[in-house]
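In: I would like the atomic coordinates for the input below:
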Amino acid sequence: MHRFFLPADALLSESPTLSGDEAHHCLNVLRHAEGDKIVVFDGRGHEATAQIVSAGKREAALRILHRGKSAPVACRLTLGQAVPKGKNMDLIIEKAVELGAAAIVPLLSERTVVHLDASEIAAKREKWETVAREACKQCGQNWLPTIASPVAPKSFFEQHPPKGLMLIASLQSDSKPIKQVLAAYEAQHGSLPTDVTILVGPEGDFTPAEISLAKSHGCQPVTLGPIILRTETAAIYCLSVLGHELFSAR
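Out: The predicted structure follows:
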């Protein structure tokens, strides 16, 4: 069945209404009609099977048939991602949703090519939230990651105090493999982390000053192997490795 996003307060109702873009997609694009069954989710782990009881041009009245809830993954992953040029940030957000990221913080580092003013930041964030919802709909993910407004690395650490294991993808010689860092954490704490933040820089990496700043806030530099990866590939690599090591090893 096709999936549609419904805000949490609406999903609590036994007779919610699908409206706006979601209703347009349901009724006008996918051609659903009265009597059809669909799945609705709220991005906070809840989903429900619902039946369309009446349909207009931009609105569909629903009747909830069955409710369910998905447990969150075992580790909360936060991706701090330097904003790349073009549509690559859309790709990163889409794949981050599929790979179970709980939060995405776009970073405006010194080497970031993209420059955004206040109005552009608001528009970009709204677009990225739409990309995240669409990815949830496609992959069956019921947990929608939070997407912050783009910030400089310094502001990132001011607004997001270090918590859990902090990592930064780095080309520097002192970087260690992710698996080695996780093993050291487990040896020290007696268990794997339940909260991990990974920072991924722009093409050309973070500047030495930014890496030094990250280290001063507890970030451990990690290597992604001998091949230099594009920033979008690096983000997917990091989340894939962390998910593999942390989501099922409990």
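In: What ranges does the chain have for its strands?
Out: Listed in chain order, the strands of the chain (DSSP state E) span 3-5, 17-19, 37-41, 46-55, 59-69, 76-82, 103-107, 146-147, 165-169, 176-177, 195-200, 220-223.
In: helices and strands around the fourth one, which ones?
Out: Which is strand 46-55. Packing partners of strand 46-55 (3 or more C-beta pairs under 8 Å, 6 or more residues apart in numbering; DSSP states H and E): helix 8-11, strand 37-41, strand 59-69. The C-beta positions use only the backbone N, C-alpha and C, and glycine is treated the same way.
In: can you list the ones you listed in CSV and add mean neighbour count, distance to N142 and mean pLDDT?
Out: Below are those laid out as CSV (neighbours: other C-beta atoms under 10 Å; distance: least, C-beta to C-beta, whole Å; pLDDT from 0 to 100):
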stretch, mean neighbour count, distance to N142, mean pLDDT
helix 8-11, 14, 11, 91
strand 37-41, 21, 5, 96
strand 59-69, 16, 8, 95
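In: Turn the strands of the chain into CSV, columns for distance to V241.
Out: Listed next are these as CSV, based on distance: least, C-beta to C-beta, whole Å:
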stretch, distance to V241
strand 3-5, 28
strand 17-19, 38
strand 37-41, 27
strand 46-55, 28
strand 59-69, 28
strand 76-82, 11
strand 103-107, 17
strand 146-147, 22
strand 165-169, 10
strand 176-177, 9
strand 195-200, 9
strand 220-223, 9
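In: Of all the helices and strands packed on strand 46-55, which one comes closest to V83?
Out: strand 37-41 (27.6 Å; C-beta to C-beta).
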